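**Q** show me the folded form of this:
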Amino acid sequence: MKRILSLLFLFLILTNTLMVTSAQNISVLVVEVDEIIDDATIELISEAIDEARVTNAQAIILLLDTPGGGADQTFEIADKILASEIPIIGYVYPRGATAWSAGTFILMSCHIAAMAPNTIIGSAQPIEVGVEGTRLINDSKRINALVEWITERADIYNRNTSLAAEFITKNRNVNASEALALNGIEYIAPTTDQLLDDIDGHIVSTAQGEVVLNTKKAVQQRFNPSVKVQVLRVLSNPVLTSLLLILGIFALLFGISAPGVGAEIFGIIAILLSLVGSGFSIPALSGIFIILGFILLLVEIFVTPGFGAMGIGGTICLIIGAIFLIPDYSNRGWLISMDFYDFMIPVVIALVVIIGIFFLFLFYKVLKIRTKKPSVGTFIGEQALTIDRITPESKGYVRFKGEYWQATAEQVIEPNTKVVIVDKDNSTLVIKPK
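**A** Next up is the predicted model:
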């Protein structure tokens, strides 16, 4: 009898230990989605789902705080959520956060929708940009397609389809309390800890079937995106993408007109980075304007030196091309808050104009030097300063009366050395140390 009681006691201890260990192994993956919804966000969600699958996470929590983003990217993210075997919880967090436009679409696509107090969702009516500025799109074909899409996603999780439609048709906004009362979301929680306690035991329908959440004592693991995602997140910013391209083209032009300073290399790198950030999908009109501007500036520099109509026209074309690179609903499909868009456009225009003025000033100085008549007078006996290392085998440049001259010498002369001009062979100076 004592042996039986001892074995029973040992069994209870082992069982309790296994239960404690099992509870400690339960985890949820917490992912921050706090910027524009773009290609980087797709990679972020994809990596998070893969990591959650490998670590056998109980669920994924998306912390949403975004002004919106690309429609195509939003739909792709929604499809990944729908196909996920791991429950994905959309949570507008922290207090004061917003999940506007594309953020609302993503929230409605999650298996569970939750909000922190004092947060807002909505403003999902698409916008476009024209000569008159930003305006709301009321085209029935586009609106009806988006309404059908979001109401179907809301219906999958038994949410209020009428409210989901009004996010688009009326550009409606609701706070957390209104969203819960109208059955737009399932939970309100001030913290992720409280949210995990609230959803414990909730039955979620995923791609692999119904899953009962066991999250009450789950460990929260913060997701750290890869370097690839972090770099793509920076480059995908539409403002930075536009500026990289316009800066790269100006630098390339300056490098062609004044080779040897490395500007052309920087220009090529900047252009390639901008293409990476835009997903290698530059709109046709943008490409036309940029190519036209490039050609006009080349003609201005090499065919009709000076600064006239072609230079001004080329600069304007490049500015328009850069503006077109900021994607809107009409050319790349964006669901983003109008306030953010209205802020972004003046910033891009101002920065591009400043960059354009700076490079045009450099072009002007280079062309002024090129068209300046050679100095007339005696060279022999005058002093100059070496810029490069000059040897009997290799020529270099010296600075003479504010101008750069090619020079040669019968001995090695280091840079930044004062020299005397002893002869002149056409446009090459013969020098010696002072």
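**Q** after the helix or strand hosting Ile89, next one along is what?
**A** Using DSSP states H and E, the element containing Ile89 is strand 88-92. Proceeding N to C from strand 88-92, the next assigned helix or strand is strand 98-100, under DSSP H and E.
**Q** can you name every helix or strand that that following strand contacts?
**A** On a contact count with 3 or more C-beta pairs under 8 Å, 6 or more residues apart in numbering; DSSP states H and E, strand 98-100 meets strand 88-92, strand 120-122. Just so you know, the C-beta spots here come from the backbone N, C-alpha and C atoms, and that holds for glycine as well.
**Q** mind splitting this protein into its structural domains?
**A** 13-226, 237-371, 383-433 (automatic domain parsing).
**Q** just the element for Val419, please.
**A** Using DSSP H and E, Val419 falls within strand 418-425.
**Q** just to revisit the earlier point, highest mean neighbour count out of the helices and strands packed on strand 98-100?
**A** Among those, ranked by average contacts under mean count of other C-beta atoms under 10 Å, first place goes to strand 88-92 (a mean of 28).
**Q** quick one: list the elements packing against that one.
**A** Using 3+ C-beta pairs under 8 Å, 6+ apart, strand 88-92 is in contact with strand 59-64, strand 98-100, helix 102-109, strand 112-115, helix 192-199.
**Q** and those as a markdown table, adding mean neighbour count?
**A** A markdown table is the format used below for those (neighbours: other C-beta atoms under 10 Å):
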| stretch | mean neighbour count |
| --- | --- |
| strand 59-64 | 26 |
| strand 98-100 | 26 |
| helix 102-109 | 30 |
| strand 112-115 | 26 |
| helix 192-199 | 19 |
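**Q** point out where the stretch 51-200 of the chain drops to low pLDDT.
**A** 127-135 (pLDDT under 70).
**Q** after the strand holding Val419 comes which helix or strand?
**A** strand 428-433.
**Q** residues making contact with that next one?
**A** 379, 384, 386, 390, 395, 398, 400, 405-411, 413, 417-424 (C-beta atoms under 8 Å, 6 or more residues apart in numbering).
**Q** give me the buried entries from those.
**A** Buried members of the contacts of strand 428-433, scored by 16 or more other C-beta atoms under 10 Å, are 379, 384, 386, 390, 398, 400, 405, 407-409, 413, 417, 419, 421, 424.
**Q** now for those: which two are most distant?
**A** Distance extremes for these: the farthest pair is Thr417 and Lys424 at 18.9 Å, using C-beta to C-beta.
**Q** partners of the strand holding Val419 in the sheet?
**A** Take DSSP bridges as the rule and strand 418-425 pairs in its sheet with strand 383-386 (antiparallel), strand 428-433 (antiparallel).
**Q** got those as a markdown table, with distance to Thr192 and mean pLDDT columns?
**A** Formatted as a markdown table, those follow (distance: least, C-beta to C-beta, whole Å; pLDDT from 0 to 100):
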| stretch | distance to Thr192 | mean pLDDT |
| --- | --- | --- |
| strand 383-386 | 66 | 90 |
| strand 428-433 | 73 | 90 |
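**Q** could you export those as CSV, including distance to Arg153?
**A** As requested, the strands paired with strand 418-425 are exported to CSV (distance: least, C-beta to C-beta, whole Å):
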stretch, distance to Arg153
strand 383-386, 71
strand 428-433, 74
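**Q** nearest to Leu180, out of those?
**A** Closest among the strands paired with strand 418-425, using C-beta to C-beta: strand 383-386, at 76.0 Å.
**Q** list the neighbours of that closest one that are in contact with it.
**A** Under C-beta under 8 Å, 6+ apart, the answer for strand 383-386 is 396-400, 405, 407, 413-421, 429, 431, 434.
**Q** hmm, 6 Å instead?
**A** Strand 383-386 is contacted from outside by Val398, Arg399, Phe400, Ile413, Pro415, Thr417, Lys418, Val419, Val420, using C-beta atoms under 6 Å, 6 or more residues apart in numbering.
**Q** list the contacts for the residue nearest to Leu64 when sequence neighbours are not counted?
**A** Excluding the flanking residues, the one nearest Leu64 by C-beta to C-beta, 6 or more residues apart in numbering is Ala99, at 4.2 Å. Residues in contact with Ala99 (C-beta under 6 Å, 6+ apart) are Leu64, Val92, Leu107, Ile121.
**Q** can you name the residues bridging to the last one?
**A** So the one you mean is Ile121. Going by DSSP bridges, Ile121 forms beta bridges with Ala99, Val174.
**Q** next, work out how far apart it and Leu362 are.
**A** Going from Ile121 to Leu362 by C-beta to C-beta, to the nearest Å gives 48 Å.
**Q** over to the second one?
**A** Look at Val92 and Leu362: by C-beta to C-beta, they are 48 Å apart.
**Q** over to the first one?
**A** Leu64 sits at a distance of 44 Å from Leu362 (criterion: C-beta to C-beta).
**Q** go on, Pro225?
**A** Taken as C-beta to C-beta, the span from Pro225 to Leu362 is 38 Å.
**Q** and if you look at Asp200?
**A** Distance, Asp200 to Leu362, by C-beta to C-beta: 64 Å.
**Q** if we can go back for a sec, in JSON lines: the helices and strands packed on strand 88-92, plus distance to Lys170.
**A** Below are these laid out as JSON lines (distance: least, C-beta to C-beta, whole Å):
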{"stretch": "strand 59-64", "distance to Lys170": "21"}
{"stretch": "strand 98-100", "distance to Lys170": "14"}
{"stretch": "helix 102-109", "distance to Lys170": "13"}
{"stretch": "strand 112-115", "distance to Lys170": "19"}
{"stretch": "helix 192-199", "distance to Lys170": "29"}
